[in-house]
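**Q** let me see the structure of the following:
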Amino acid sequence: MQVFEQVESQVRSYCRSWPTVFTTAVEPITDLVGTDADVEGGDRDRAAGTWRSRRLLLARDGAGFSLHDTVLFTGTSTTMHYANHIEAVYAIEGAGTLRDLEIGEVHHLAPRHYVRPRRTRAPYP
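**A** Reported below is the predicted structural model:
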């Protein structure tokens, strides 16, 4: 049995209103399929002096999380503050240092390294 069919079977057994739940859960996700080229040059493509961010998924998309492709330019230092969300960082190429100014931790990043938020921190609204 394929994975989708297994999940469908489990969900059906727990939910009497299966068609409504399935449509609600799956149809909006299909609207989110795209490529980074879809956002280049539009309102989701932002840049400042030391960085560029292509905002692939935003809160308004209804996915429950956001997804950004952010490039920090070589030889620069960038200070960021996240008032409304937490963020995990995954380095694809290059190297750098991520410093958490709130608690003083320092993380050295290289390709295929990531830093995830701690669950012990206070949740954002």
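**Q** and the closest residue in space to Ala59 that isn't next to it in sequence, how many neighbours?
**A** Excluding the flanking residues, the one nearest Ala59 by Cβ to Cβ, 6 or more residues apart in numbering is Ser66, at 6.4 Å. In short, each C-beta sits where N, CA and C put it, glycine included. If you count neighbours by other Cβ atoms under 10 Å, Ser66 ends up with 15.
**Q** quick one, helices of this structure?
**A** Under the criterion DSSP state H, the chain contains helices at 3-14, 18-30.
**Q** quick check: mean pLDDT across the first one?
**A** Just to be clear, that refers to helix 3-14. In this model, helix 3-14 has an average pLDDT of 52.
**Q** for stretch 59-77, same thing?
**A** 88.
**Q** pull out the buried residues from that stretch.
**A** Buried positions in stretch 59-77, judged by neighbour count with 16 or more other Cβ atoms under 10 Å: 61, 72.
**Q** next up, the contacts around Val89.
**A** 98, 109, 114-115 (Cβ atoms under 8 Å, 6 or more residues apart in numbering).
**Q** for Glu105, grab the count of nearby residues.
**A** Count around Glu105 with other Cβ under 10 Å applied: 11.
**Q** so who does it touch?
**A** Residues in contact with Glu105, defined by Cβ under 8 Å, 6+ apart, are Arg99.
**Q** measure it to Leu56 for me?
**A** Distance, Glu105 to Leu56, by Cβ to Cβ, to the nearest Å: 27 Å.
**Q** one more: Thr50?
**A** Look at Thr50 and Leu56: by Cβ to Cβ, they are 20 Å apart.
**Q** quick one: which of the two has more around it?
**A** Legend: neighbour count by other Cβ under 10 Å for Thr50 and Leu56, higher for Leu56 (18 against 15).
**Q** in space, what's closest to that one - neighbours in sequence excluded?
**A** In space, Leu56 is closest to Leu67, 4.6 Å off (Cβ to Cβ, 6+ apart).
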